[in-house]
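Undergrad: just a sequence and a predicted model for now, questions to come.
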Amino acid sequence: MRILLVAHVFHPSVGGVEITSDILARGFMRHGADVKVITNTPEADEPRRFAYEVTRRPSPLRLFALMRGADVVFHNNPAISLWWPLALIRKPWMVTLRMWVTMPGQKLSILQRLKYAAKYRIIGRADVIVANSKALADHVEGDVEVIPNSYRDEFFSVLDGEERAPLGIVYLGRLSEDKGVDLLIEAAADLKDDFDGVSLTIVGDGTAREHLENLAGVSSLGDSVKFLGSQGPEEANRILNRNSLVVIPSRMPEPFGTVALEAAAAGCVVVYANHGGLPDAAGKQAVAFTPLESTSLNGALRGLLGNPEDVAARRRDAVAHADRHKENVMVDRYYAAIERTLTESGHGRNR
């Protein structure tokens, strides 16, 4: 089978679409498929070699030829700028939603409403539509299969020999206003007097780092909070293995939240803002709090830090949750959906 995987963003850019595109391309090859990738992302200064062909910023003629030569076209998140040949030639087409088309509650101008209505209509022409969470699936019409993201299981796991701090809390991710790390600092500062030895480790970088460091500096956390900056996956896994809780305090609803799987694989209990796709990513053993409310987050943390037996049980369930989301599980489900796309070709919902 010849699969053309379309990824608007790809290596050297880093993110969910980029990582899953590589995982799926390699996984489809293990199933015996001939895979080619097209992307709008330019090459890095030091090019990386892939086991499959990658075409960057294809010309219109090259894009048309690649699609004409494919058995199935697979958009790993809709890339409308790379879609247009499908309006001219009939090819089995599958699309995965990995990000919101429009954010829940987003206010749109008339022009934006027209633009996104057209995008929703184009997505609706696909033969098979997949989303990585129920929240994403519910924001488009019709039948949408939910296939959760995987995580990089070659990097994230429980390690032998690492001493886990029972009162250790971690944030892992981008430092920007929408991620809600200020809510975590506020909630954690209120724990200091009641839980001797509580610590907060913040892993990541971004535009809000200076503000967050200043906020932590005037809080009661003192030297109990550390900003470690961005870390590679191996070191991030070691940090997770040295702590017990991971907090995902996002202000905006995440489409999924792969960091929840990485944390679970490393044996941490996840505490998450209860909206968007985070409930799917975090699992039933994780603990939810009311989004945007630091008092709710503080209560969730207190409940866990004060009950180590509960934490231990949730940690065991967390590892089992992560095992159900390993790369091979996601790849196999996606390949089955690709095969279904071939059989359902021509049955797009708005034809």
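TA: Nice, thanks for sending it over.

Undergrad: Leu183 against Ser250, yeah?
TA: No. Using Cβ atoms under 8 Å, Leu183 is not in contact with Ser250, being 9.4 Å away. Glycine gets a C-beta too; all of them are placed from N, C-alpha and C.

Undergrad: what helices or strands is whichever strand or helix holds Ala337 leaning on?
TA: Here Ala337 sits within helix 327-343, counting by DSSP states H and E. In terms of contacts (3 or more Cβ pairs under 8 Å, 6 or more residues apart in numbering; DSSP states H and E), helix 327-343 is packed against helix 16-30, strand 72-76, strand 93-97, strand 128-131.

Undergrad: and the contacts of the longest one?
TA: Helix 16-30 is touched from outside by 3, 5, 7-11, 35, 37, 39, 41, 50-52, 74, 76-77, 98-99, 149-150, 152, 256, 258, 327-328, 330-332, 334-335, 338, with contacts defined as Cβ atoms under 8 Å, 6 or more residues apart in numbering.

Undergrad: what do you get for the third one?
TA: Among residues not part of strand 93-97, those counted as contacts by Cβ under 8 Å, 6+ apart are 72-78, 86, 123, 125-132, 136-137, 140, 144, 147, 255, 334, 337-338, 341, 345, 348.

Undergrad: shaky segments in the stretch 201-350 of the chain?
TA: 346-350 (pLDDT under 70).

Undergrad: let me see the ranges of the helices in it.
TA: Here the stretch 201-350 of the chain has its helices, by DSSP state H, counting those that start in this stretch, at 209-217, 233-241, 258-265, 278-282, 294-305, 308-323, 327-343.

Undergrad: returning to that earlier point: buried ones from the contacts of helix 16-30, can you make that a PyMOL selection?
TA: Remark: buried members of the contacts of helix 16-30, expressed as a PyMOL selection using 16 or more other Cβ atoms under 10 Å:
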select buried, resi 3+5+7+8+9+10+11+35+37+39+41+52+74+76+77+98+149+150+152+256+258+327+330+331+334+335+338
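
Undergrad: okay, the helices and strands packed on helix 327-343 in a markdown table with mean pLDDT and distance to Phe289 next?
TA: Below are the helices and strands packed on helix 327-343 laid out as a markdown table (pLDDT from 0 to 100; distance: least, Cβ to Cβ, whole Å):
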| stretch | mean pLDDT | distance to Phe289 |
| --- | --- | --- |
| helix 16-30 | 92 | 23 |
| strand 72-76 | 97 | 31 |
| strand 93-97 | 95 | 26 |
| strand 128-131 | 96 | 24 |
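
Undergrad: can I get these in CSV including distance to Ser199?
TA: As requested, the helices and strands packed on helix 327-343 are exported to CSV (distance: least, Cβ to Cβ, whole Å):
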stretch, distance to Ser199
helix 16-30, 28
strand 72-76, 38
strand 93-97, 37
strand 128-131, 37
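
Undergrad: let me see the contact set for the residue nearest to Arg48 when sequence neighbours are not counted.
TA: Once flanking residues are discounted, Arg48 sits nearest to His11: 6.1 Å by Cβ to Cβ, 6 or more residues apart in numbering. Listed by Cβ under 8 Å, 6+ apart, the contact set of His11 reads 18, 22, 41, 44, 48, 50.

Undergrad: and those, which two are the farthest apart?
TA: Comparing all pairs in the contacts of His11 by Cβ to Cβ, the longest separation belongs to Asp22 and Ala44, at 13.7 Å.
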